[in-house]
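**Q** Mind looking at a prediction? Sequence and model below.
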Amino acid sequence: MKRFVYADHSATTRISESVMEAMLPYLKENYGNASSIYGLAGISEMALNRARSQVAKALHAQPEEIFFTSCGTESDNWAIKGYAQTMKKKGKTHIITTAVEHHAVLYTCKALEKEGFSVTYLPVDATGAITVQQVADAITGQTGLVSIMYANNEIGTIYPIAEIGALCRKRNIVFHTDAVQAVGNVPIDVKAQNIDMLSLSGHKLHAPKGIGALYVRRGVSPQPLLHGGGQERGKRPGTENVAFIVALGKAMEDAVNHIEEKTAKVSKLRDRLIDGILTGIPAVRLNGGRENRLCGNVNVSFEGIEGEGILLLLDAVGICASSGSACTSGALDPSHVLLAIGLPHSIAHGSLRLSLNEENTLEDVDYILSVLPPIIKRLRSMSPIWDEEKQRAVSA
Ligand code: PLP
């Protein structure tokens, strides 16, 4: 029986009931501009303050260290471009990042290279991992900023953030992490982990699209990207999107509530799905390691076929998934992350990302496992680059 299975939670998530309920009054009757002085505006200002505290608490930060932005992309741009300007004044012009960052970080770094900054893009191993030693070895007297993602959006690899944070603190280098995929899936403590700046995005954790935040440790001062009014203590001007900020505050509170039980449940579903795919389908490989992997991430490559074909046939049976990352699907170039872990173009093209969260069930996983093998078989039977005979000989 056909069912609907949403398995693309790394692309975006549904607005939860509790978030919708918290947000709605600020789209209806509580519409005051938080900067005005009458009572209606005061309701908005109070809501902003509450949300700021909720976000801060979820990260173990102080409320004054949280700045609301429009999305994860803006937070990444602000942290990196903004701090690049600050460090330049101190004579530092070198940035360290990885080759597998989201384009919000990679393209920001590329833009800075055109302005005269130098950037080291650390290579990853076959599971997408890097070591703290690689970061240490890349540091020069010019290094002012290290920006390394908390968890990879395509293959789910989780990076040694606390160790990198400790290294950067010791070497007096500012450390930014893009935690867009990690928040709500990994416990985060910015103080204990020595994180100086952290980007997050609401729509990955049941808040609406178009709201994000940047944590900036007190004493660290990225230059503002925007100039205008005095909102967000003059650092991020623009009339606050009170309803979405309220939504983000509630979503952050919900995300860290019962995080251990939630991640344990989702990890079990993930492992069942990975095991089922690896044992049920020939000529398939898992991208990313089994350890240090986001609880909901499954990323596999099938030889001899194209990811787009898999997505279309999965959609026809009610399953939402993604090939490469949602941001790059539609483009013909294979994902930079899959190429960075050493996949040849031909195999990288046949990749599928299924991302689960706590709303998924065992029945969802078993449904995917029942429909995926015949889909792969059918696509291979039509593929000009799949030679079953040869394959049989190789696997014999
Ligand atoms: N960073 C990572 C790791 C992401 O996965 C994404 C979105 O998929 C972003 C940044 C961009 O976030 P947003 O969609 O809020 O701009």
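**A** That came in fine, so what should we check first?

**Q** mean confidence for stretch 273-282?
**A** In this model, stretch 273-282 has an average pLDDT of 98.

**Q** Tell me where the model's unsure across the stretch 251-396 of the chain.
**A** 324-332, 388-396 (pLDDT under 70).

**Q** what number of residues lie near Gly116?
**A** 9 (other CB atoms under 10 Å). For every residue, glycine as well, the C-beta is placed using N, CA and C.

**Q** mind listing what it touches?
**A** Gly116 sits next to Thr93 when contact means CB atoms under 8 Å, 6 or more residues apart in numbering.

**Q** Also Arg218?
**A** Shown in contact with Arg218 (CB under 8 Å, 6+ apart): Gln62, Glu64, Glu65.

**Q** you'd agree Val100 is up against Leu338?
**A** No. Using CB atoms under 8 Å, Val100 is not in contact with Leu338, being 9.3 Å away.

**Q** between these two, what contacts are shared?
**A** Joint contacts of Val100 and Leu338 (CB under 8 Å, 6+ apart) are Glu154, Ile155.

**Q** got a list of what the closest residue in space to Lys262 that isn't next to it in sequence touches?
**A** Excluding the flanking residues, the one nearest Lys262 by CB to CB, 6 or more residues apart in numbering is Glu358, at 4.8 Å. Glu358 makes contact with Lys262, Lys265, Val266, according to CB under 8 Å, 6+ apart.

**Q** let's see 10 Å
**A** By CB atoms under 10 Å, 6 or more residues apart in numbering, Glu358 lies in contact with 9, 184-185, 206, 258-259, 261-263, 265-266, 269, 295-296.

**Q** if you look at these, which of them are in strands?
**A** Using DSSP state E, no member of the contacts of Glu358 falls in strands.

**Q** can I assume Ala47 is in contact with Asn241?
**A** No. If you go by CB atoms under 10 Å, Ala47 and Asn241 don't touch, sitting 11.3 Å apart.

**Q** shared neighbours of these two, anything?
**A** Between them, Ala47 and Asn241 share the contacting residues Tyr26, judged by CB under 10 Å, 6+ apart.

**Q** Check the separation of the first and last residues in stretch 70-84.
**A** End-to-end distance of stretch 70-84: 21 Å, with CA to CA, to the nearest Å as the criterion.

**Q** Apart from its neighbours in sequence, what residue is nearest the residue of the stretch 1-150 of the chain found nearest the ligand?
**A** Closest contact between the stretch 1-150 of the chain and the ligand, by CB to the nearest ligand atom, is at Gly72 (2.7 Å). Excluding the flanking residues, the one nearest Gly72 by CB to CB, 6+ apart is Ser201, at 3.3 Å.

**Q** just Glu113 next, same as before
**A** Val119 (5.5 Å).

**Q** is it true that that neighbour lies in a helix?
**A** No. In this structure, Val119 is strand, not part of a helix, as judged by DSSP: H, G, I helix; E, B strand; the rest coil.

**Q** neighbour count winner among Ala47 and Asn241?
**A** Between Ala47 and Asn241, counted using other CB under 10 Å, the more crowded position is Ala47 (23 against 18).

**Q** Can you name the helix or strand that the more buried one falls in?
**A** helix 39-59 (DSSP states H and E).

**Q** What parts of the stretch 51-200 of the chain come near the ligand?
**A** Cys71, Gly72, Thr73, Asp76, His102, Ala104, Met149, Asn153, Asp178, Val180, Gln181 (CB under 6 Å from any ligand atom).

**Q** Might you report the residue contacts of the residue lying closest to the fourth one once chain neighbours are set aside?
**A** Okay, so that is Asp76. For Asp76, ignoring the flanking residues on the chain, the nearest one in space by CB to CB, 6+ apart is Ala104 at 4.1 Å. Applying CB under 10 Å, 6+ apart to Ala104 gives the contacts 71-77, 80, 149, 153, 178, 180, 199, 201, 327.

**Q** possible to save the residues of the stretch 51-200 of the chain next to the ligand as CSV with distance to Val246 and pLDDT?
**A** Listed next are those as CSV, based on distance: CB to CB, whole Å; pLDDT from 0 to 100:
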residue, distance to Val246, pLDDT
Cys71, 17, 98
Gly72, 18, 98
Thr73, 21, 98
Asp76, 23, 98
His102, 26, 98
Ala104, 24, 98
Met149, 27, 98
Asn153, 26, 98
Asp178, 24, 99
Val180, 20, 98
Gln181, 23, 98
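
**Q** Farthest-apart pair in those residues, please.
**A** Cys71 and Met149 (15.7 Å; CB to CB).

**Q** neighbour-wise, which of the two wins?
**A** Per other CB under 10 Å, whichever of Cys71 and Met149 has more neighbours is Met149, with 26 against 20.

**Q** now the more buried one, what's its secondary structure?
**A** Looking at Met149 with three-state DSSP, the answer is coil.
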